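> Kindly return the folded structure for what I paste below:
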Amino acid sequence: MSMPAGWYDDGSGRQRWWDGEKWSEHVAPEQSGGSAAAQPPTGPSAPSANGYAAATTGPPSSPARVAPVLGFVGLGLAVLGTVLACIPVTFVVGVVVLIAAFVVSLVGVFKKNTAKWPSIVGMVLSVIGGVIGTIVTLVIVAAALVGPTGPMTPTVAPPTPSISAQPSSEPSPSSPPVGEERPSAEEIAVEVQKTFQGEGMTNYDDMPDFYPCMGEQLYASDMSDETLSAVISGGEPLEAERASAEKAITDAVLFCDPNGEGAF
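Numbers count the residues shown, from 1 in each chain. The predicted structure is shown next:
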């Protein structure tokens, strides 16, 4: 149990003021009669009537607390560094700011007579902000490198008669002369059937409406009379119309056999 405040012998033979918890710096000078003044201090330190300073009533005043400036600075830097670290472009800058926040907060912890909680929060936030910023930046960079991917939709098209990319050095014996009139739909159907069967494509022989439909579609196409006559007889189209001729044949096959029955 602690002794109550009062004047006590401090072990050196002198009377010293005990504030209830520890010895103070106030001592009582010895009287000429050999007895020490044992009256407790009753006012501020000032010369008393018997020639010594009276001790104050209670413990000496503690130093004034200082505002935790470093703690708040470190906390602010930690918040700013966390935001910057979550942006890939400013990630490096954010890491530097977080390191500075940690150092400032650490210094603030050892600052005397200041509140410690801003410095402690700043240190914790600087560490957590670095971890969060690293994770967010890695996720964003990985997503940017992978990029969006769309589903692959396979398409199956029926076979079409091939047109050689290399022009023949000799004219085809079945090629009509230049200036011949456009063949009729019936003639086109007959020539297409001969050409397909000549190339081994007998898939459409069991479809009686296929070749008449092909004749009508090719007759209504944009191919010139010369190219149309050459294509249906297995000849070479004009070089300028090669792409359009291939497209016309493909469109005609798809129109006349929409379910792809002749493709199998």
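
> and residue 222, what is it in contact with?
244, 248 (C-beta atoms under 8 Å, 6 or more residues apart in numbering). The way it works is simple: take the backbone N, C-alpha and C, and place the C-beta from them, glycine included.

> Phi, psi for it please.
When read as degrees, to the nearest 10, the backbone of residue 222 gives phi -90, psi 0.

> and the gap between residue 94 and residue 123?
16 Å (C-beta to C-beta, to the nearest Å).

> Residue 240 - that's part of a strand, no?
No. The assignment for residue 240 is helix, going by DSSP: H, G, I helix; E, B strand; the rest coil, so no strand is present there.

> separation between it and residue 183?
Distance from residue 240 to residue 183, by C-beta to C-beta: 20 Å.

> ok, those two, which is more surrounded?
Neighbours were counted for residue 240 and for residue 183 using other C-beta atoms under 10 Å; residue 183 has more, 20 against 9.

> Wait, that one touches residue 232, no?
Yes. Residue 183 lies in contact with residue 232 (C-beta atoms under 8 Å); the separation is 7.0 Å.

> and for the two, which residues touch both?
With C-beta under 8 Å, 6+ apart as the test, residue 183 and residue 232 both reach residue 191.

> In the protein, what helix or strand scores lowest on average pLDDT?
Ranked by mean pLDDT, DSSP states H and E, the weakest helix or strand in the chain is helix 225-232, scoring a mean of 79.

> can you list the residues that contact the one helix or strand residue 83 maps to?
Taking DSSP states H and E as the definition, one finds residue 83 inside helix 69-85. Residues outside helix 69-85 that contact it (C-beta under 8 Å, 6+ apart): 90-91, 93-98, 100-109, 111, 114-123, 125-126, 128-130, 132-134, 136-137.

> how about it: buried residues?
When burial is assessed from 16 or more other C-beta atoms under 10 Å, helix 69-85 yields the following buried residues: 70-75, 77-82, 84-85.

> can you pull the alpha-carbon coordinates of the helix or strand just after that helix into CSV?
Sequence order places helix 91-109 as the next helix or strand after helix 69-85, per DSSP H and E. Output of helix 91-109 as CSV, limited to C-alpha atoms (Å, rounded to 0.1, in the frame of the first residue of the first chain):
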residue,chain,number,x,y,z
PHE,A,91,2.3,2.5,-59.0
VAL,A,92,6.0,3.3,-58.5
VAL,A,93,5.2,6.8,-57.2
GLY,A,94,2.7,5.3,-54.8
VAL,A,95,5.2,2.8,-53.4
VAL,A,96,7.8,5.6,-52.8
VAL,A,97,5.1,7.7,-51.0
LEU,A,98,4.1,4.7,-48.9
ILE,A,99,7.8,4.1,-47.9
ALA,A,100,8.0,7.8,-46.9
ALA,A,101,4.8,7.5,-44.9
PHE,A,102,6.1,4.5,-43.0
VAL,A,103,9.4,6.3,-42.1
VAL,A,104,7.6,9.5,-41.0
SER,A,105,5.1,7.5,-38.9
LEU,A,106,7.9,5.5,-37.3
VAL,A,107,9.7,8.7,-36.3
GLY,A,108,6.4,10.0,-34.9
VAL,A,109,6.0,7.0,-32.6
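
> Going forward, count from 18.
Taking 18 as the first residue, the last one we looked at is helix 108-126.

> which other helices and strands contact helix 108-126?
With contacts taken as 3 or more C-beta pairs under 8 Å, 6 or more residues apart in numbering; DSSP states H and E, helix 108-126 sits against helix 86-102, helix 134-163.

> just the angle between the longest one and helix 86-102, please?
When you say that, I think you mean helix 134-163. Interaxial angle, helix 134-163 versus helix 86-102 (axes from the mean of the first three to the mean of the last three C-alpha atoms, to 10 degrees): 10 degrees.

> centre of the chain versus helix 134-163, how much separation?
12 Å (C-alpha atoms, centre = their mean, to the nearest Å).

> With stretch 261-278 instead?
Distance, centroid of stretch 261-278 to centroid of chain: 47 Å (C-alpha atoms, centre = their mean).

> Quick check: mean pLDDT of it?
Stretch 261-278 carries an average pLDDT of 81.
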